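just the structure for this:
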Amino acid sequence: MCMRLVRIGLVSVLVLCVVLFLGPVFASGGDKGDDFAPDRLLVKFKADADGAAKGKVHARHGGRVIGEIAALGVQVVEVPAGKVKEKVEAYKAEKAVEYVEPDGVAQAVGIPNDPLFEKQWGLNNTGQTGGTPDADIDAPEAWEITSSAPAVKVAILETGIDQDHEDLAAKIAANVNFTTSPTVDDLFGHGTHVAGIAAAYTDNGLGVAGAAYAASLVNVKVLDDTGSGYYSWIASGIIWAADNGAKVINMSLGGRLPSLTLRRAVDYAWAKGAVLVAAAGNSNTTKALYPAYYRNCIAVAATDANDLKASFSNYGKWVDVAAPGVGIWSTLPNHPSVIGNYLGVTSYGLLDGTSMATPHVAGVAALVWATGYGTSNLAVRSRVETTADRIAGSGTYWVYGRVNAYNAVQ
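Numbering: from 1, shown residues only. Next comes the predicted model:
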């Protein structure tokens, strides 16, 4: 007889707000575009120009020296806003000037333009939530090497995935439903949030970024529209995912009852070459949660923005790694759902839980699969675990550490 699965509690207060892409604003009058600042020049005078000559040039053109790159003999000069191109030509005409150019603007490479990315401390922690800078998985650094690939399928065994979400619809490679729900869509909200963390469409100017954003998503509905399901549904979903080419199987779910059937399903998928990742649970206990407890699953605990164990996270020698799981922004259904209705939002929101930590790890595994390290599920799992940052609690709360995507793929 199959036992009903207790879903992992993970809801925290959510406030949805519209956030503009955070970055330097370079609005100007005559000079448009973000390639250079609207009011700064870099001026290099010839070697025989003395201070008086330099001063006269600046005075003629309304320039004010605000800095200097001494080793290069280059002055940083402030000019009237919107007049950069005009002033470049004026300075060029001066015999005392060796060269002049706009003060160009650079952006951090690998930072996507998704409006909510700056809130996703788990991917890139700058201290934006009051946490510790770099207490994150170093996703942008990893993306400079790989963002995974469409051939890498990440199966989300869940309550479903919103079928027409702007950040997910194009990523869904297949849908299957093992529950009694009449739809593969997500009417609860949990699965959509998990899917976005793992592989939301990224750098599209919308919503959030996903850890392995070039990977494909496979929607395997094994929990019903109340967020619960039977082990038989989950076991069937694991087997289906493995048989249909999933490289990574994410299970942000768990039950307290051990099951030979569930364990054998996990072993079946492992033998087929899949990496299985599962949530350790949110009861602040060392007690086992299944399927995470099984040997062929990577069991995942949750950390906060200071790289500390989340207060709710399960822990112990059976837990393999940790990942960000407190205050995690991701996708929510764009239609009514249980979680969305409770929180009063749609499309995007903030949740806590080892359920949120788990898809961070699944994303890292999907990144590794797209590198030269992706030779087998054993190799991928080893890479994910052994390159983790050994933060406080490593060796006690979890075996390895908090996962680091860049370390795993470099």
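
list the contacts of residue 142.
Applying CB atoms under 8 Å, 6 or more residues apart in numbering to residue 142 gives the contacts 364, 367, 405, 406, 408, 409, 410. (Glycine included, C-beta is placed from N, CA and C.)

same thing with residue 396?
Contact partners of residue 396, counting by CB under 8 Å, 6+ apart, are residue 315.

repeat that for the one 5 residues further on.
Contact partners of residue 401, counting by CB under 8 Å, 6+ apart, are 321, 322, 388, 389, 390, 391, 394.

now the residues you listed: which count as buried?
Neighbour counting by 16 or more other CB atoms under 10 Å classes 321, 322, 388, 389, 391, 394 among the contacts of residue 401 as buried.

out of those, who's nearest residue 139?
residue 389 (13.5 Å; CB to CB).

before we move on, the earlier item: in strands, which of the contacts of residue 401 appear?
In this view, the contacts of residue 401 that belong to strands under DSSP state E are 321, 322.

just the contacts of residue 401 now: which is nearest residue 95?
Set against residue 95, the nearest of the contacts of residue 401 by CB to CB is residue 389 (56.6 Å).

which stretches in the protein count as helices?
Remark: helices assigned in the chain by DSSP state H are 51-61, 84-92, 139-143, 190-199, 231-243, 260-271, 338-343, 354-369, 377-386, 405-409.

out of the ones you listed, nearest to residue 164?
Among these, helix 190-199 comes nearest to residue 164, with 11.0 Å by CB to CB.

packing partners for that closest one?
On a contact count with 3 or more CB pairs under 8 Å, 6 or more residues apart in numbering; DSSP states H and E, helix 190-199 meets strand 153-158, strand 216-221, strand 328-331, helix 354-369.

swap in 10 Å and give it another go.
In this structure, helix 190-199 makes packing contacts with strand 153-158, strand 216-221, strand 246-251, strand 328-331, helix 338-343, strand 348-351, helix 354-369, judged by 3 or more CB pairs under 10 Å, 6 or more residues apart in numbering; DSSP states H and E.

pick the most deeply packed of the ones you listed.
Here the criterion is mean neighbour count by mean count of other CB atoms under 10 Å, and of these the winner is helix 354-369, at a mean of 33.

distance between it and the chain's centre?
Taking CA atoms, centre = their mean, to the nearest Å, the mean C-alpha location of helix 354-369 is offset from the chain mean by 9 Å.

looking at the helices of the chain, which is closest to residue 209?
Across the helices of the chain, residue 209 has its closest neighbour in helix 139-143 (7.4 Å, CB to CB).

export the closest one as CSV, just CAs?
Provided in CSV are the C-alpha atoms of helix 139-143 (Å, rounded to 0.1, in the frame of the first residue of the first chain):
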residue,chain,number,x,y,z
ALA,A,139,26.5,31.5,-10.7
PRO,A,140,27.7,34.4,-12.9
GLU,A,141,31.3,33.2,-12.7
ALA,A,142,30.1,29.7,-13.8
TRP,A,143,28.1,31.1,-16.6
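
what average pLDDT does that helix get?
Per-residue pLDDT over helix 139-143 has a mean of 97.

again, but for stretch 374-388
For stretch 374-388, mean pLDDT rounds to 98.

for it, list every residue counted as buried.
Residues of stretch 374-388 classed as buried by neighbour count (16+ other CB under 10 Å): 374, 377, 380, 381, 383, 384, 385, 387, 388.

and which of these is nearest residue 179?
residue 377 (26.8 Å).

where do the domain boundaries of this structure fall?
Following automatic domain parsing, one gets these domains for the chain: 38-104, 111-409.

so which of the contacts of residue 401 is the closest to residue 75?
Of all those, residue 389 has the smallest distance to residue 75: 42.3 Å, by CB to CB.

so what's the closest one bridging to?
Counting by DSSP bridges, residue 389 forms beta bridges with residue 402.

surely it and residue 324 touch.
No - here residue 389 does not reach residue 324: they are 11.9 Å apart, not a contact under CB atoms under 10 Å.

which neighbours do these two share?
Residues touching both residue 389 and residue 324 (CB atoms under 10 Å, 6 or more residues apart in numbering): 135, 136, 137, 307, 402, 403.

export the buried ones among the contacts of residue 401 as CSV, with columns for distance to residue 225.
Output for those, formatted as CSV (distance: CB to CB, whole Å):
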residue, distance to residue 225
321, 31
322, 30
388, 35
389, 38
391, 37
394, 38
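
re earlier: distance to residue 144 for the helices and strands packed on helix 190-199 - can I get that in a markdown table?
Shown next, in a markdown table, are these (distance: least, CB to CB, whole Å):
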| stretch | distance to residue 144 |
| --- | --- |
| strand 153-158 | 21 |
| strand 216-221 | 21 |
| strand 246-251 | 21 |
| strand 328-331 | 22 |
| helix 338-343 | 34 |
| strand 348-351 | 26 |
| helix 354-369 | 11 |
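
go through the ones you listed and name the closest to residue 312.
helix 354-369 (8.0 Å).

pLDDT (mean, whole number) over the closest one?
Here helix 354-369 scores 98 as its mean pLDDT.

can you state the direction angle for that helix and helix 377-386?
Angle, helix 354-369 to helix 377-386, by axes from the mean of the first three to the mean of the last three CA atoms, to 10 degrees: 120 degrees.

in a markdown table, list the contacts of residue 401 along with distance to residue 339.
Below are these laid out as a markdown table (distance: CB to CB, whole Å):
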| residue | distance to residue 339 |
| --- | --- |
| 321 | 26 |
| 322 | 24 |
| 388 | 29 |
| 389 | 30 |
| 390 | 34 |
| 391 | 29 |
| 394 | 32 |
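
so which of the contacts of residue 401 comes closest to residue 176?
Nearest to residue 176 among the contacts of residue 401, counting by CB to CB, is residue 321 at 28.0 Å.
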